[in-house]
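Trainee: Please find the sequence and the predicted model below.
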Amino acid sequence: MKKEPEFNNNRICEKRILAIKDTMEILSGKWKFHILGTLMLGDKLRFMDLVREVDGIGSKMLSKELQDLEMNHLIIRTVLDTKPVTVEYQITEHGKTLSSVIDEIAKWGIDYRDKFHKKTEQIDLPN
């Protein structure tokens, strides 16, 4: 009889793997980190501001990604009583907890580009 590896029976490991899976499902896709990073740098941004800031994203895709982020309590969508109607997006307190993750991904990406692509300009990221 084949013995299963010890780590598969560990509840802590199972919980960790499920947590990683959940996180990857919530943050998966090409645009979510870019949208969250942009909202972290700006206070409140309107939809068209996000279209301009998130280079390459279309309105339909941005709308879908914003809905996903709102559903997962990472951003707040506020409809302003203006003519025409204005919609603003802002990162939630829970969404702000991803700040250190996004900073580390950015640092890793800059290091990777410096080592393998030589295409980044020198940028000092916040600590």
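Mentor: Cool, got the structure.
Trainee: what about the residue positioned nearest the centre of the chain, helix or strand, and which?
Mentor: Taking C-alpha atoms, centre = their mean as the criterion, F33 is the residue nearest the geometric centre of the chain, at 2.7 Å. Using DSSP states H and E, F33 falls within helix 32-41.
Trainee: I'd like the next helix or strand past that helix.
Mentor: Sequence-wise, the next helix or strand downstream of helix 32-41 (DSSP H and E) is strand 45-46.
Trainee: what's the spacing between that following strand and its chain's center?
Mentor: In this view, strand 45-46 has its centroid 16 Å away from the chain centroid, taken as C-alpha atoms, centre = their mean, to the nearest Å.
Trainee: which residues sit against it?
Mentor: With C-beta atoms under 8 Å, 6 or more residues apart in numbering as the test, strand 45-46 has contacts from T38, L39, E53, T86, V87, E88, Y89, Q90. For the C-beta atoms, the positions are set from N, CA and C on the backbone; glycine is no exception.
Trainee: Now do the same contact list for L36.
Mentor: So L36 contacts L69, L74, I75, I91, G95, L98, I102 (C-beta under 8 Å, 6+ apart).
Trainee: sorry, back to before: between the contacts of strand 45-46, which is closest to L18?
Mentor: In terms of C-beta to C-beta, no member of the contacts of strand 45-46 lies closer to L18 than L39, at 27.0 Å.
Trainee: show me the contacts for the closest residue to T38 other than its chain neighbours.
Mentor: With C-beta to C-beta, 6 or more residues apart in numbering as the criterion, T38 has its nearest non-adjacent residue at 4.8 Å, and that residue is E53. Contacts for E53 (C-beta under 8 Å, 6+ apart) come out as T38, G42, L45.
Trainee: This protein: strands as residue ranges?
Mentor: 45-46, 75-80, 86-91 (DSSP state E).
Trainee: got these as TSV, with mean pLDDT and mean neighbour count columns?
Mentor: Shown next, in TSV, are these (pLDDT from 0 to 100; neighbours: other C-beta atoms under 10 Å):
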stretch	mean pLDDT	mean neighbour count
strand 45-46	96	18
strand 75-80	96	13
strand 86-91	96	18
